[in-house]
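Asker: One predicted model, sequence on top.
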Amino acid sequence: MAKEPSQEEFVLILVTTSSQEETERIARSLVDSRQAACVNIISGLRSIYRWKGKIWDEGELLLFIKTRISLFEQVEAKIKEIHSYEVPEIIAIPITRGSKTYLNWLRESTLL
């Protein structure tokens, strides 16, 4: 019988990127290494932000990375290794509730 999922066990990590190629490289690397169970890629994002004293208005892509909170540091390191930005956006949001069957799949699909 599957272990009951813990409410603090999982996170959704948000990462923006500048190209489809970079986005796919990050997503595949995380899923291949079992550091993430699933990565959704959302295109057509527009970001307006301040960087080095200037306001930028850029097209970006967004990754929704589903993983365990215990893997955050590994995921962060892998993203920084691949990502082209000097300071990539890497934000973790706790998953406080979810379908037990989905959360069990998430656990089984990631490293122990």
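Answerer: Now that the structure is in, tell me what you want to look at.
Asker: residue ranges with poor pLDDT in the protein?
Answerer: 1-8 (pLDDT under 70).
Asker: ok so residue 41 is a strand residue?
Answerer: Yes. With DSSP: H, G, I helix; E, B strand; the rest coil as the criterion, residue 41 is located in a strand.
Asker: Run through the residues that contact the residue lying closest to it once chain neighbours are set aside.
Answerer: Closest residue in space to residue 41, ignoring its immediate chain neighbours: residue 23 at 5.4 Å, by C-beta to C-beta, 6 or more residues apart in numbering. Bear in mind the C-beta positions are built from the backbone N, C-alpha and C, glycine included. Neighbouring residues of residue 23 by C-beta atoms under 8 Å, 6 or more residues apart in numbering: 17, 41, 61, 63.
Asker: Just the CA trace of whichever helix in the chain runs longest, in PDB.
Answerer: The residue-count maximum for a helix in the chain (DSSP state H) belongs to helix 20-32. Taking C-alpha atoms only, helix 20-32 is exported to PDB below (Å, rounded to 0.1, in the frame of the first residue of the first chain):
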ATOM      1  CA  GLN A  20      12.400  27.100 -26.200                       C
ATOM      2  CA  GLU A  21      15.700  25.200 -26.500                       C
ATOM      3  CA  GLU A  22      16.900  26.200 -23.100                       C
ATOM      4  CA  THR A  23      13.500  25.500 -21.600                       C
ATOM      5  CA  GLU A  24      13.400  22.000 -23.100                       C
ATOM      6  CA  ARG A  25      17.000  21.300 -22.000                       C
ATOM      7  CA  ILE A  26      16.200  22.200 -18.400                       C
ATOM      8  CA  ALA A  27      12.900  20.200 -18.400                       C
ATOM      9  CA  ARG A  28      14.300  17.000 -19.900                       C
ATOM     10  CA  SER A  29      17.400  17.100 -17.600                       C
ATOM     11  CA  LEU A  30      15.200  17.400 -14.500                       C
ATOM     12  CA  VAL A  31      12.800  14.600 -15.500                       C
ATOM     13  CA  ASP A  32      15.600  12.300 -16.900                       C
END
